[in-house]
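Student: give the three-dimensional model of this entry:
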Amino acid sequence: MVTVGPAETHSVLAVRYAETDMMGVVHHATYPVWFEVGRTDVMLACGLPYTQIEARGHYLMLSGLTVEYRRAARYGDTVTVVTRVAELRSRTVTFAYRVLRGEELLATGETRHIATDHAYRPSRLPDDVLVALGAGVP
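Tutor: This is a model prediction of the structure:
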C-alpha cells in the first residue's frame with residue numbers, strides 16, 4: 001500500500017494466475033476483491049482498522065456494488081487500486097475505486113455500505129469514525 005493520505009490510498013497489486021481465466025485475463029469477480037483491499041487500506045490510513053469498528057459494535061454491510069470494465073488486466077500485470085471515501089452520511093459510506101495499470105484506466109467502481117449493529121439493525125456511526133472517514137470527502 002502506498003498511502004497518499006486519508007482521502008486516497010494507492011494499493012499496488014500483482015495479478016496472480018488464480019485471478020485469471022484460461023485466456024490470462026483477470027476474471028470480472030476479482031475486481032470486488034481488489035476493491036476490498038483498497039477499502040481496507042483507506043480505513044487503515046484513516047486510523048480505523050475494520051476490526052476496531054467491529055469491536056465497537058458496528059458492521060459496514062455492503063448494500064451496493066458497481067464495476068465498469070474498460071480494459072483487460074492480465075496475468076503478470078501490476079495494478080494500482082486508487083480508493084477514496086466518496087460520500088459519507090451518519091449511517092452510510094460510499095467508496096470509489098479506480099484500477100490502473102500504470103496510467104491506463106482499467107476499471108472504475110463504487111461500493112456502498114450501511115452501518116449496522118451486531119444484530120444487523122441500521123445504526124449511526126460514532127462521531128469520531130465519521131470525522132476520521134470524512135477527512136478526505138470532497
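Student: please enumerate the helices of this structure.
Tutor: 30-45, 50-55, 127-134 (DSSP state H).
Student: relative to residue 52, how far out is residue 73?
Tutor: 32 Å (Cβ to Cβ, to the nearest Å). (C-beta placed from N, C-alpha, C; glycine too.)
Student: residue 134 now?
Tutor: Residue 134 is 17 Å from residue 52, by Cβ to Cβ.
Student: what about those two, which has more around it?
Tutor: Each of residue 134 and residue 52 has its neighbours counted (other Cβ atoms under 10 Å); residue 134 has more, 16 against 13.
Student: state the number of residues packed around residue 64.
Tutor: The burial count for residue 64: 11, using other Cβ under 10 Å.
Student: may I have the strand ranked longest in the chain as CSV, with CA atoms only?
Tutor: The strand that spans the most residues within the chain, counting by DSSP state E, is strand 104-117. Only the C-alpha atoms of strand 104-117 are listed here, as CSV (Å, rounded to 0.1, in the frame of the first residue of the first chain):
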residue,chain,number,x,y,z
GLU,A,104,-4.1,3.3,-18.1
LEU,A,105,-7.5,3.2,-16.6
LEU,A,106,-8.7,-0.5,-16.5
ALA,A,107,-11.9,-0.2,-14.3
THR,A,108,-13.8,2.1,-12.1
GLY,A,109,-16.3,1.2,-9.3
GLU,A,110,-18.1,2.0,-6.2
THR,A,111,-19.3,0.2,-3.1
ARG,A,112,-22.0,1.4,-0.8
HIS,A,113,-22.1,0.3,2.8
ILE,A,114,-24.7,0.7,5.6
ALA,A,115,-23.7,0.7,9.2
THR,A,116,-25.5,-1.8,11.4
ASP,A,117,-25.1,-3.0,15.0
